[in-house]
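Asker: Sequence and computational prediction follow.
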Amino acid sequence: MTYRRSVSRKLARGLALVGLVGTILLLAAVVFFYSLTFDDLTAQDALINAVREMLEHVALPLVVLMVPVAFVVRRVIRQAFDSLEEAATAIEAARGHERGFRIDTSHLPAEALPFTDAVNDLLGRLDDAAMRQEAFAADVAHELRTPLAVLSLEFDRLDHDDAARLKHDVAAMRRLVDQLMLLAQVDAAAAAQFPLESVSLVEIARDVVSFLAPDIIAEGKAITLDAGTAHPVARGRREAIAAALRNLIENAVRVTPPGGTVNIRVGPDPVIAVGDGGEGLSPDRLRELVRRHSRADHASTSGAGLGLAIVDRIMAAHGARLTTDPAARELSLHFPDT
């Protein structure tokens, strides 16, 4: 366990040391002022008088002085720490979905400014690096769309046994490129703090299920949708939420055996759950899979292993969470209450 230094403890030790040293000095002053010797204190009356003098001129002044000083100093330090706690709370509230955040230094003590200025400078450099990375991903995705479209057209004219498989692979790459572009757009919108729209999770689920159902049925599998009656609403980008759900369903289809069923459940809270016929994912395994460039059983073969990473990033941009329930074999999109 790491020992952390406490200013309050250091203050208490310092005041105790000051009190001890002050007591010793005052006792010495009393003895010197009254020219007391050991023989003078042997008589009972002299000892009582000496003790009374020390209490009146040493103990009582120290108590009267030290107690208010300790209270005032502790209160001043507590007020200084309150502003730091408010800054920490603001940082925690902005985590994951507010680009461009900086600590407000207007209410902080001067002693804390070097630290907060360094943190704000670090946040600025992190924002710049993230924006450059997003711009690069968007540029690469945009440049890849045209040659992939040309390849798809060429495979349409190709009379070869592998033409259908190659066209399927190109289509998968185009979907990945579209997802990367959408992810860059979502990050840019989150950075600019654009207003979000209210979207119906039931409508999004119905549209995605309707789009994917023919291919799922063609693979000899089934898909169901339990929309409930609550009609939950979330705030965000409809296209991004649909892309996140589509990725989850594609991953679920991949791990579901032939003849199995992928179950989609919406509500009653702002939640979309996707159940599959796989073994389920533990929270630790999910955290491993959402890391960029991670590949595993739930990573889509058509998504170069980025499927769950993209879902997690889209959810973070909406202030939402991607969670797992291993017992129910479900992955869920949890949105904040509106």
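Answerer: Nice, I can see it.
Asker: Now for residue 201, how many residues are close by?
Answerer: 24 (other CB atoms under 10 Å). For every residue, glycine as well, the C-beta is placed using N, CA and C.
Asker: Ignore what I typed, I meant residue 88.
Answerer: With neighbours defined by other CB under 10 Å, the count for residue 88 comes to 11.
Asker: gap between it and residue 82?
Answerer: 11 Å (CB to CB, to the nearest Å).
Asker: tell me what the helix or strand encompassing residue 81 is packed against?
Answerer: Element membership for residue 81, per DSSP states H and E: helix 60-94. Applying 3 or more CB pairs under 8 Å, 6 or more residues apart in numbering; DSSP states H and E, we find helix 60-94 packed against helix 7-33.
Asker: OK, contacts around residue 224?
Answerer: 261-264 (CB atoms under 8 Å, 6 or more residues apart in numbering).
Asker: so what's the backbone phi/psi at it?
Answerer: When quoted as degrees, to the nearest 10, the phi and psi of residue 224 stand at phi -130, psi 150.
Asker: what angle do the biggest helix by length in the chain and helix 60-94 make?
Answerer: Scanning the chain for the longest helix, with DSSP state H as the assignment, gives helix 113-157. Interaxial angle of helix 113-157 relative to helix 60-94 (axes from the mean of the first three to the mean of the last three CA atoms, to 10 degrees): 10 degrees.
Asker: got the contact list for stretch 207-214?
Answerer: The contact list for stretch 207-214 (CB under 8 Å, 6+ apart) reads 223, 225, 242, 245-246, 249-250, 253, 264.
Asker: Can I get those in JSON lines including secondary structure?
Answerer: Converted to JSON lines, these look like this (DSSP: H, G, I helix; E, B strand; the rest coil):
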{"residue": "223", "secondary structure": "strand"}
{"residue": "225", "secondary structure": "strand"}
{"residue": "242", "secondary structure": "helix"}
{"residue": "245", "secondary structure": "helix"}
{"residue": "246", "secondary structure": "helix"}
{"residue": "249", "secondary structure": "helix"}
{"residue": "250", "secondary structure": "helix"}
{"residue": "253", "secondary structure": "helix"}
{"residue": "264", "secondary structure": "strand"}
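Asker: Now do the helices in the stretch 201-338 of the chain.
Answerer: 201-218, 238-255, 283-289, 307-317 (DSSP state H, counting those that start in this stretch).
Asker: Could you list the domains of this protein?
Answerer: Domain assignment of the chain by automatic domain parsing yields the ranges 7-92, 114-194, 196-338.
Asker: before we move on, the earlier item: of the contacts of stretch 207-214, just say which sits nearest to residue 169.
Answerer: Closest approach to residue 169 among the contacts of stretch 207-214 (CB to CB): residue 250, at 14.9 Å.
Asker: pretty sure the closest one contacts residue 310?
Answerer: No. Using CB atoms under 8 Å, residue 250 is not in contact with residue 310; the gap is 11.2 Å.
Asker: Tell me which helix or strand in this structure has the weakest average pLDDT.
Answerer: Lowest mean confidence among the helices and strands of the chain (mean pLDDT, DSSP states H and E): helix 44-54, at a mean of 64.
Asker: follow-up on the earlier one: common neighbours of residue 88 and residue 82, please.
Answerer: By CB under 8 Å, 6+ apart, no residue touches both residue 88 and residue 82.
Asker: what's the neighbour count on residue 286?
Answerer: The tally of other residues near residue 286 (other CB under 10 Å) stands at 18.
Asker: oh, and call the first residue 14 from now on, that's how I've got it
Answerer: Sounds good: first residue 14 from here, last item residue 299.
Asker: show me what contacts it?
Answerer: Residue 299 neighbours (CB under 8 Å, 6+ apart): 321, 335-337, 344.
Asker: if you set the cut-off to 6 Å instead, what comes out?
Answerer: Contacts for residue 299 (CB atoms under 6 Å, 6 or more residues apart in numbering) come out as residue 337.
Asker: next one: residue 213
Answerer: By CB under 6 Å, 6+ apart, the contact set of residue 213 is residue 246.
Asker: run the last query once more with 8 Å
Answerer: Contacts of residue 213 by CB under 8 Å, 6+ apart are 244-246.
Asker: So which of those is surrounded by the most neighbours?
Answerer: residue 245 (19 neighbours).
Asker: Quick check, that residue in contact with residue 286.
Answerer: No. Residue 245 is beyond contact range of residue 286, at 11.8 Å (criterion: CB under 8 Å).
Asker: related to what we said a few turns ago, what about the longest helix of the chain, distance to the chain center?
Answerer: Here helix 126-170 shows a centroid-to-chain-centroid distance of 21 Å under the convention CA atoms, centre = their mean, to the nearest Å.
Asker: I'd guessed residue 218 sits against residue 241; true?
Answerer: No. Counting by CB under 8 Å, residue 218 does not reach residue 241; the two are 10.3 Å apart.
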